[in-house]
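Asker: quick one: sequence and predicted model below, then my questions.
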Protein chains: 2
Amino acid sequence: MEKAAPSVAFIEPGIDADEAMLDRVFFALSDPVRRTILSRLDEGELLVSEIAAPFEISLQAVSRHIQVLVRAGLVRQERTGRISRCRLDAGPIYAAAVWLNRYSRYWQDQFNLLAVALEDLAPKRPRRAKRRRRQGRPTSK
Amino acid sequence: MEKAAPSVAFIEPGIDADEAMLDRVFFALSDPVRRTILSRLDEGELLVSEIAAPFEISLQAVSRHIQVLVRAGLVRQERTGRISRCRLDAGPIYAAAVWLNRYSRYWQDQFNLLAVALEDLAPKRPRRAKRRRRQGRPTSK
DNA sequence: TTGACATTCAACCAAAAGGTTGATTTATTC
DNA sequence: GAATAAATCAACCTTTTGGTTGAATGTCAA
């Protein structure tokens, strides 16, 4: 609550944050497995094995997806002993959102819709049952 | 109900828009050349050759970058004769922004900053000198 | 008609992505 | 100490990406 995401500090809106970082963030977000991981971490910390469980791919593959997220700054890992807790860091997402907002004038009038969606997600509202488990085998990309 | 951007129509905020489309959009955004192309198209329509001119890579390479943007729905090409006008379509960017806002509660209190930046970019508002603090945090790379 | 121009197509290549399986490292537990 | 467990590392494979160069396509203009 009062932890206003310290990692946000170095992201100066309008200053055009590190391009390479944006590369990594957008790339990390371009995979459905990784987006699913972020969504799950949004609900709380998880171990690597817990993250991997629902997926059909190997734990090693999931581990590497997590590394991609870590390199993008979207996930922090804290290893204690043999286990590694993963938690979300939304700072880079904010950076990405700032970049996208460069184009927001195109849907300016729809912006309030966005604000509404935001409000939906924000407080202590029970999270909508959006249980999609669409992590099968996308041959896409 | 102004049709501000027709391509926005099929993007239902909160409904979890086509995952594959998000794949393509985020992937398209993950390359600095493509982001630069979008930025330039933001200022107006351009021919493929005009887009390619400032880059050091071949025109063919740029043409393929544009194809990536087209497949992501971010650029529309209208070919008349031998020339092909490219213009931005910000609809998918909106979709991406909606997805990112799933995490906006992490920087809720910074959201108004974003709104300010947004306002800065929008019409003819005089720039507001709102400086924020800066704590170094070299987590990158 | 000829030729230049704008763009795309095609073939090729090196590097990266994303998956696999099989060690390896490091803690925990019996 | 030995076995088990969590996670990563390493080697390997296939597909995709992103660049190249050299046609091919289609249009304008002399």
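Answerer: Thanks, I have it.

Asker: for the rest of this, base every contact and every neighbour count on C-alpha atoms.
Answerer: OK.

Asker: which single residue in chain A comes nearest to DNA strand D?
Answerer: A:Ser49 (3.2 Å; C-alpha to the nearest atom of the strand).

Asker: show me what contacts that residue?
Answerer: A:Leu59 (C-alpha atoms under 8 Å, 6 or more residues apart in numbering or on different chains).

Asker: measure it to A:Ser104 for me?
Answerer: 39 Å (C-alpha to C-alpha, to the nearest Å).

Asker: quick check: nearest residue in space to A:Gln77, chain neighbours excluded?
Answerer: A:Cys86 (4.5 Å; C-alpha to C-alpha, 6 or more residues apart in numbering or on different chains).

Asker: surely the one you found is within a helix?
Answerer: No: using DSSP: H, G, I helix; E, B strand; the rest coil, the secondary structure at A:Cys86 is strand, not a helix.

Asker: measure the residue of chain A closest to DNA strand D to A:Val62 for me?
Answerer: 9 Å.

Asker: what does A:Gly73 give?
Answerer: A:Gly73 sits at a distance of 17 Å from A:Val62 (criterion: C-alpha to C-alpha).

Asker: same check, this time on A:Ser30
Answerer: 15 Å.

Asker: of the two, which one has the most company?
Answerer: Between A:Ser30 and A:Val62, A:Ser30 has the larger neighbour count (other C-alpha atoms under 10 Å in any protein chain shown), namely 24 against 21.

Asker: related to what we said a few turns ago, what residues are bridge-paired with the residue nearest to A:Gln77?
Answerer: Taking DSSP bridges as the rule, A:Cys86 bridges to A:Leu46, A:Gln77.

Asker: what's the neighbour count on it?
Answerer: Look at A:Cys86: counted by other C-alpha under 10 Å, it has 21 neighbours.

Asker: ok, the one 5 residues further on next?
Answerer: Other residues near A:Gly91 number 24, with proximity taken as other C-alpha under 10 Å.

Asker: dihedrals phi and psi, it?
Answerer: Phi and psi for A:Gly91, reported as degrees, to the nearest 10, are phi -50, psi -50.

Asker: touching, it and A:Val75? I think so.
Answerer: No: using C-alpha atoms under 8 Å as the test, A:Gly91 is too far from A:Val75 to be in contact (9.7 Å).

Asker: and stretch A:69-88, does that touch DNA strand C?
Answerer: Yes: against DNA strand C, stretch A:69-88 shows contacts by C-alpha under 7 Å from any atom of the strand at A:Thr80, A:Gly81, A:Arg82.

Asker: roughly how far does the second one sit from A:Ala53?
Answerer: Relative to A:Ala53, A:Gly81 is positioned 20 Å away (C-alpha to C-alpha).

Asker: pick out whichever of these two has more residues nearby.
Answerer: Shown here are A:Gly81 and A:Ala53; by other C-alpha under 10 Å, A:Ala53 has more neighbours (13 against 6).

Asker: for that one, give me its contacts.
Answerer: A:Ala53 makes contact with A:Leu59 under the criterion C-alpha under 8 Å, 6+ apart.
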